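K.L.:
sequence-free structure coming up:
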């Protein structure tokens, strides 16, 4: 059965990536549906942290406060040797908030709680996840896509202008598009993952036991839950086969490798055998079909960046799809792959290196490998490579540098900074003025800007940023940089224009006198 109505976007996969995209599109007035093959919402933990950069985009989408309320302070990590003696106890340092970085550290939250919060937000913007909808294949036409979907024993066809596959590493959308998934499976590295109840263990610590030949076994209490997250490297039997894991499997492995009396496992909610895949696509797009998240790239879980990278894929794509649906040139959609594919490539490299460092600990038992990990955890910049705040798009065609009066570059993340709203006489953050679906122009200096043409007024908001004592004569809003944080964050040495994209990255840096460059940029991007 073919549905007559034509929607703007069909999203396949209702994990954090798909829901992030759906929320972003809905607030932009884009008609979309989000489907998932699961019959019920998943329980159990896969991703367990939300990076600082992801928190920034979740703040823009209106969910970061709920996510923060559902998190807990990270617990100390306790490393034991084979005899149960404490080798090291590590208290993970908490990074302080700064004027430019409001979310300096990861949020410790299980994926099932993250998904529940995103579903609430999804419903608030008028959407819901359609469960038990299995995508099988699509047919692409010049101006739309027809997706075949199985539901309740029937096959129906959904018509959409664009299709986005957020359906994980085994993506049916990717396979239907014929997009290669290049890389390898590390046949020598398998792990047992599980969420289960644990009795007889201190729940105020994350526990790691070393074994001279079996590597690191870990048990970590899950935030806002009475379950624990279990991981341990395993090997197949002599036939290269794994038995289906049960709670008895976990108990046996723990008893054999740790032997701590009184520790008992029960009531598992999620049991899995995980093998490391390091793969990525050679294209994020096939015509009107796009991929995001694990559908486009999978890697080692070391560093906890998989879900975070996926939601940032969605955040990069959402505003571009919305503008394309309103007449922006197709070249805007081409920048999705151009900007996100290098990020995925770098991610595969860094997470593989991190995995190898854990492999060193596996090989060296309770000696140098464990201390190497512990030393890094205790370091000042223990997680600086996982904040994702340094991701940039400097090489993108959307990044225009037209001035030498700023240290910051087009393509960089736009920093936050506290200011004083001149008319309202209230404190406001730059992230507050960025929030929404628009471009933002920051005009440093006191000289007035020309009136914005009416064609751009729905897409651009303008703010003059001045130092205290300077009187700006502006037809738009003025922010006073009372403590100089904005000027320092953007490295402004004189008058300058900074154009911030809807996803919080800088699109253009220019001289104050080059207001015409702003209009030219918007004309090329927005298409009018």
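P.N.:
The structure has been received and is ready for your questions. None of these values were measured; they are calculated from a predicted model. Numbering: from 1, shown residues only.

K.L.:
got a pLDDT number for residue 133?
P.N.:
In this prediction, residue 133 carries a pLDDT score of 98.

K.L.:
same check, this time on residue 383
P.N.:
At residue 383, pLDDT is 50.

K.L.:
begin at 828 from now on, thanks
P.N.:
Done: numbering now begins at 828, and the last item shifts to residue 1210.

K.L.:
and the residue lying closest to residue 1119 once chain neighbours are set aside, how far from residue 1107?
P.N.:
Nearest non-adjacent residue to residue 1119, counting by CB to CB, 6 or more residues apart in numbering: residue 1140, 4.0 Å away. Using the backbone N, CA and C atoms, a C-beta is placed for each residue, glycine as well. Noted for residue 1140: a distance of 12 Å to residue 1107, by CB to CB, to the nearest Å.

K.L.:
overlap in contacts of these two?
P.N.:
residue 1123 (CB atoms under 8 Å, 6 or more residues apart in numbering).

K.L.:
looking at the two, which is more packed in?
P.N.:
residue 1140 (30 against 18; other CB atoms under 10 Å).

K.L.:
pLDDT below threshold where in the stretch 1028-1177 of the chain?
P.N.:
For the stretch 1028-1177 of the chain, the stretches with pLDDT under 70 are 1127-1131.

K.L.:
what is the burial count for residue 1253?
P.N.:
7.

K.L.:
can you name the residues that contact it?
P.N.:
residue 1247.

K.L.:
how about residue 1020?
P.N.:
Residues near residue 1020 by CB under 8 Å, 6+ apart: 1056-1058, 1097-1101.

K.L.:
same check, this time on residue 1048
P.N.:
Here residue 1048 is in contact with 902, 1030-1031, 1033, 1055-1056 (criterion: CB under 8 Å, 6+ apart).

K.L.:
quick one, phi psi at it?
P.N.:
Dihedral pair for residue 1048: phi -60, psi 140, per degrees, to the nearest 10.

K.L.:
ok so, going back, I'd guess the residue nearest to residue 1119 is in a helix, am I close?
P.N.:
Yes: applying DSSP: H, G, I helix; E, B strand; the rest coil, one finds residue 1140 inside a helix.

K.L.:
quick one on the thing from earlier: what about the contacts of residue 1020, which are in strands?
P.N.:
1056-1058, 1097-1101 (DSSP state E).

K.L.:
mind checking how far stretch 1095-1108 is from the chain centre?
P.N.:
18 Å (CA atoms, centre = their mean, to the nearest Å).

K.L.:
what comes up buried for that stretch?
P.N.:
1095-1098, 1100, 1103-1108 (16 or more other CB atoms under 10 Å).

K.L.:
isn't residue 1143 up against residue 1164?
P.N.:
No: using CB atoms under 8 Å, residue 1143 is not in contact with residue 1164, being 9.9 Å away.

K.L.:
who has more neighbours out of those two?
P.N.:
Between residue 1143 and residue 1164, residue 1143 has the larger neighbour count (other CB under 10 Å), namely 25 against 20.

K.L.:
how many neighbours does the nearest residue to residue 902 once chain neighbours are set aside have?
P.N.:
Leaving aside its sequence neighbours, residue 902 sits nearest to residue 1033 (CB to CB, 6+ apart; 5.1 Å). The number of residues packed near residue 1033 is 20, by other CB under 10 Å.

K.L.:
what's the answer for the one 5 residues further on, then?
P.N.:
As a burial measure, residue 1038 scores 18 neighbours (other CB under 10 Å).
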